[in-house]
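Generate coordinates for the sequence data below:
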Amino acid sequence: MIKSTRRKKTNNFKLYVQRSIRQMRLEKKLTQKQLAEKLGVDQASVSNYESGKTEMTCTQLFELFLIFGKDLSNVFDLKNSNIEDVPIEEQKKE
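Now for the predicted structure:
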């Protein structure tokens, strides 16, 4: 049960990241191609990040924060999303 709860939260986070990438890009009025050039990837990669076909690396995600001038602590407001942390006690039971 704990693994399925964690898996659900992980999947919810992935979806949240996908939507956030698109939202930030649109807020800055960037095309996928323009964002791709800034990230050093091709347009198809940005499309895949936004659709969830491909996951960004931690480095790429951090670079995205820098491109959009976002504070890491505020970009993904986990407390106000549907994503909750699994308590440490539950993690240890696995």
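
use CA for all of it now, contacts and neighbours both
Will do.

Could you measure from Glu10 over to Lys38?
To be clear, residue 10 is Thr; Glu isn't right here. 27 Å (CA to CA, to the nearest Å).

Oh, that last question was meant for Arg22, not what I typed.
From Arg22 to Lys38 the distance is 15 Å (CA to CA).

What of Lys53?
20 Å.

residue closest to the middle of this protein?
For the chain, the residue nearest the mean C-alpha position is Val17 (2.4 Å; CA atoms, centre = their mean).

From Cys58, how far off is it?
Between Val17 and Cys58 the computed distance is 12 Å (CA to CA).

repeat for Lys28
Lys28 sits 22 Å away from Cys58, going by CA to CA.

so Gly52 sits right up against Tyr16, yeah?
No: Gly52 lies out of contact with Tyr16 (CA atoms under 8 Å); the separation is 10.1 Å.

still on that earlier bit, return the distance of whichever strand or helix holds the residue nearest to the centre of the chain from the chain's centre.
Assigned by DSSP states H and E, Val17 falls within helix 2-27. A distance of 6 Å separates the centroid of the chain from that of helix 2-27, by CA atoms, centre = their mean, to the nearest Å.
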